[in-house]
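*Asks:* sequence first, then the predicted structure, then my questions.
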Amino acid sequence: MPRYFLGLDSSTQSLTALIIDPAAGSVVHETTVVYDRELPRYGTRHGVLPDADPRVVHAPPLMWAEALDLVFRRLHDEGAPLDRIAAVSGSGQQHGSVYGSERFPEALNGLDRQRGLAGSISGTLSRTTAPVWMDSSTAAECEEITRALGGAAAVAEATGSAAFERFTGPQIRRFHKTDPEAYEKTAHIALVSSFMASLLLGRPAPIDHGDGAGMNLMDIRQRRWHGKALAATAPDLERKLPPLTPPDAVLGPVHPYFSRTAGLPSDAQVVAWSGDNPCSLAGLGLVETGRHAVSCGTSDTYFGFMPECHTDPRAEGHIFGAPTGDYMSLICFKNGSLARERVRDAFGYDWEAFSAALRRTPPGNHGRIMLPYFEPEIVPRVAGAGIRRKGLDENDADANCRAVVEAQMMSMRLHSAWMGSRPRELYATGGASANREILQVMADVHGCLVTRFRAGNSAALGAALRGAHAFAAASGEACDWQTLTAPFLDPDPELAANPRPESAAVYEDLIRAYADFEQEALA
Ligand SMILES: Nc1ncnc2c1ncn2[C@@H]1O[C@H](COP(=O)(O)OP(=O)(O)O)[C@@H](O)[C@H]1O
Ligand SMILES: O=C(CO)[C@@H](O)[C@H](O)COP(=O)(O)O
């Protein structure tokens, strides 16, 4: 009887479930729940709640819980082999935080089929919404934490990243400042990843070193809570945080709720969840240097494996724990897919028309440039939204489509220089990596081959692979990352993109012009 592993990806806009058979090296089943479409009563748009203040971006944790019920129901109805699952792991959008009261563990323990997951825990959260990675309302708190820890470089040295608005520590500080009473009533703080793992386990789950590094609270080298960072963030914080754990920790069997409702074996194990980017690193088989990944999801992220911890001297990038126990480097752009959608929608295009516009326009766009800050940007730090154009007619649909994608790719190249030598190949993943023309711009700007694997959701795949790896290790079986991941790295020739020779010189010039324009705008 083959042993299967389930990976769940709780990302910004959707929850994906993916089942693998590692012995056969195949994906057995995959299904997705899209929050806006399938859980409309929560009122989200692109997975988050509208707010009068554009800097405040929250999402409802009960929606994520209900999505977990829904995805299991769907797996069951689609005939997925849930009875063969040996272990479940998962991936969560990073940085977002969920706040539970003292009654939260009791509610988890008593998960009840009649009330469902959301009903079982409702009333036990001390904050009804969760700030997520798109939130940029904590500039003051970032400054306060930075000052307390001795400057941005010191925070980065200690925790792997300078203080960033979306990071969990600054978010917790803001919660404590704006609603001290609710903070006081909070007994359990979870990340999206550990919250979802808690539901599966039926008790508060630990936070793994990969996702824990996205909080400005973990000592990046010692991999334990950083006392000074905790003290600079909020009072009594250590008591509210769960323990940290290595990413391949097997946490225990699923709560009986999941055998009863979904037909999971009662001894199916829960493996620690991690952040979506660390999981993607595993799902792309990035266990050595030389290749980097670009994830074009809601955010665009650029990341790679890093054997040793080297923080970004410009304090723009991040170091997280990698699923292998090593490190990974990453930069994150807020103006990813939603910026591309803004341009697409402004001209009444669909993705096919957007792609056709990219085909019709030449590399370099005749020197026309856009700075695509539709939302406040993370890299480079731009506090207020506002796009800028140079030589670009705002009514020229095709040129604007090319300009937004070229800007994103040039910004990635410029701001990833600290990660070391340029990669010989890029692995593309995330929703927009299904777009061949976007990958061509990526290849041209970065001057290297771009590969996209057939399994497009590397975060869910990586979660399933992490489950398989941890389960094997705990069972005393030999299992190395390369052997485990190799069969799943099946390139899709339809989506491969080679850099075109004529584009190299064009982009050397355009990147200089882009950097100057960016400097001018930031000044
Ligand atoms: N053919 C396409 N071309 C460009 N972008 C696309 C295409 N298909 C989907 N997308 C983008 O993918 C995004 C969703 O990516 P996904 O990786 O599922 O996001 P997340 O994991 O953050 O929830 C959508 O917002 C959409 O803009
Ligand atoms: O903030 C970051 C990484 O630091 C984001 O990458 C989030 O982890 C959200 O991921 P997606 O839902 O866009 O994949």
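*Replies:* Great, that's in hand. Ligands and ions are numbered 1, 2, ... in the order given.

*Asks:* now do the SS call for whatever residue of the stretch 301-450 of the chain ends up closest to ligand 2.
*Replies:* Closest contact between the stretch 301-450 of the chain and ligand 2, by C-beta to the nearest ligand atom, is at residue 332 (3.9 Å). Backbone N, C-alpha and C define where each C-beta goes, glycine included. Here residue 332 is recorded as strand under DSSP: H, G, I helix; E, B strand; the rest coil.

*Asks:* what bridges to it?
*Replies:* residue 301 (DSSP bridges).

*Asks:* before we move on, what about residue 252?
*Replies:* Beta-bridge partners, per DSSP bridges, of residue 252: residue 270.

*Asks:* ok, it - contacts?
*Replies:* 201, 269-270 (C-beta atoms under 8 Å, 6 or more residues apart in numbering).

*Asks:* mind checking pLDDT for the nearest residue to residue 455 once chain neighbours are set aside?
*Replies:* Counting by C-beta to C-beta, 6 or more residues apart in numbering, residue 455 lies nearest to residue 461, which is 4.9 Å off, once chain neighbours are set aside. Note on residue 461: pLDDT of 98.

*Asks:* ok, how many other residues are close to residue 461?
*Replies:* 30 (other C-beta atoms under 10 Å).

*Asks:* now it. Its backbone dihedrals?
*Replies:* phi -60, psi -40 (degrees, to the nearest 10).

*Asks:* please report the distance of it from residue 58.
*Replies:* Between residue 461 and residue 58 the computed distance is 28 Å (C-beta to C-beta, to the nearest Å).

*Asks:* thinking again about what came up before, isn't the residue of the stretch 301-450 of the chain closest to ligand 2 right up against residue 298?
*Replies:* No. The criterion here is C-beta atoms under 8 Å, and residue 332 misses it with residue 298 at 10.5 Å.

*Asks:* tell me the phi and psi of residue 69?
*Replies:* phi -60, psi -50.

*Asks:* against residue 356, how distant is the residue of the chain found nearest ligand 1?
*Replies:* Nearest to ligand 1 in the chain, going by C-beta to the nearest ligand atom, is residue 431, at a distance of 2.2 Å. Per C-beta to C-beta, residue 431 is found 19 Å from residue 356.

*Asks:* before we move on, what about residue 513?
*Replies:* 26 Å.

*Asks:* mind checking pLDDT for the residue of the chain closest to ligand 1?
*Replies:* Reading off the model, residue 431 has pLDDT 97.

*Asks:* list phi and psi for it.
*Replies:* With angles defined as degrees, to the nearest 10, residue 431 sits at phi -50, psi -50.

*Asks:* hmm, it is touching residue 296, no?
*Replies:* Yes. Residue 431 is within contact range of residue 296, at 6.6 Å (criterion: C-beta under 8 Å).

*Asks:* any shared contact partners between the two?
*Replies:* Taking C-beta under 8 Å, 6+ apart as the contact rule, residue 431 and residue 296 both touch residue 337.

*Asks:* more crowded one of these two?
*Replies:* residue 296 (24 against 17).

*Asks:* any idea what the more buried one is bridged to?
*Replies:* Here residue 296 sits in beta bridges with residue 300, going by DSSP bridges.

*Asks:* low-scoring pLDDT stretches of this protein, where are they?
*Replies:* Within the chain, no range satisfies pLDDT under 70.

*Asks:* can you list the residues of it near ligand 2?
*Replies:* Contact residues (C-beta under 6 Å from any ligand atom) of the chain with ligand 2: 11-12, 93-95, 133, 166, 214, 275-277, 295, 297-299, 301, 332.

*Asks:* tell me the buried residues within those residues.
*Replies:* Using 16 or more other C-beta atoms under 10 Å as the burial test, those include 11-12, 93-95, 133, 166, 214, 275-277, 295, 297-299, 301, 332 as buried.

*Asks:* show me the residues you listed that map onto helices.
*Replies:* If you go by DSSP state H, these have 276-277 in helices.

*Asks:* who's in contact with whichever residue of the stretch 101-250 of the chain sits closest to ligand 2?
*Replies:* Proximity of the stretch 101-250 of the chain to ligand 2 (C-beta to the nearest ligand atom) peaks at residue 133, 3.5 Å away. Residue 133 is in contact with 12, 93-96, 166, 299, 332, counting by C-beta under 8 Å, 6+ apart.

*Asks:* mind doing that once more with 7 Å?
*Replies:* Residue 133 sits next to 93-96, 166, 299 when contact means C-beta atoms under 7 Å, 6 or more residues apart in numbering.

*Asks:* same question, residue 128
*Replies:* Here residue 128 is in contact with residue 60 (C-beta under 7 Å, 6+ apart).

*Asks:* and it, that's in a strand?
*Replies:* No. Assigned with three-state DSSP, residue 128 falls outside any strand and is coil.

*Asks:* run through the residues of the chain sitting next to ligand 1.
*Replies:* Within the chain, the positions near ligand 1 by C-beta under 6 Å from any ligand atom are 11-14, 297-298, 337, 340-341, 351, 430-432, 434-435, 438.

*Asks:* now, those that are in strands?
*Replies:* Among the residues of the chain next to ligand 1, DSSP state E puts residue 14 in strands.

*Asks:* all helices of the stretch 51-200 of the chain, in order?
*Replies:* Remark: helices assigned in the stretch 51-200 of the chain by DSSP state H, counting those that start in this stretch are 61-77, 104-109, 116-121, 139-149, 152-159, 168-178, 180-185, 192-201.

*Asks:* check the stretch 251-400 of the chain too.
*Replies:* Counting by DSSP H, counting those that start in this stretch, the helices of the stretch 251-400 of the chain are 256-262, 276-283, 337-346, 351-360, 397-415.

*Asks:* ok, residues contacting the first one?
*Replies:* Same thing as helix 256-262. Contacts for helix 256-262 (C-beta under 7 Å, 6+ apart): 72, 76, 82, 111, 113, 200, 202, 264-266.

*Asks:* just put the residues you listed in CSV and tack on distance to residue 394 and neighbour count.
*Replies:* CSV is the format used below for the contacts of helix 256-262 (distance: C-beta to C-beta, whole Å; neighbours: other C-beta atoms under 10 Å):
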residue, distance to residue 394, neighbour count
72, 47, 24
76, 50, 14
82, 51, 22
111, 52, 22
113, 55, 13
200, 48, 30
202, 54, 22
264, 53, 25
265, 58, 15
266, 60, 11
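
*Asks:* from those, which ones fall inside strands?
*Replies:* Among the contacts of helix 256-262, no member falls in strands (DSSP E).

*Asks:* can you lay out the residues you listed as JSON lines showing distance to residue 420?
*Replies:* Putting the contacts of helix 256-262 into JSON lines (distance: C-beta to C-beta, whole Å) gives the following:
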{"residue": "72", "distance to residue 420": "42"}
{"residue": "76", "distance to residue 420": "46"}
{"residue": "82", "distance to residue 420": "42"}
{"residue": "111", "distance to residue 420": "46"}
{"residue": "113", "distance to residue 420": "51"}
{"residue": "200", "distance to residue 420": "37"}
{"residue": "202", "distance to residue 420": "43"}
{"residue": "264", "distance to residue 420": "42"}
{"residue": "265", "distance to residue 420": "44"}
{"residue": "266", "distance to residue 420": "47"}
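
*Asks:* for those, which two are the farthest from each other?
*Replies:* Largest separation among the contacts of helix 256-262 by C-beta to C-beta: 76 and 202, giving 19.5 Å.

*Asks:* residue 44 reaches residue 35, doesn't it?
*Replies:* Yes. Between residue 44 and residue 35 there is a contact under C-beta atoms under 7 Å: 5.3 Å.
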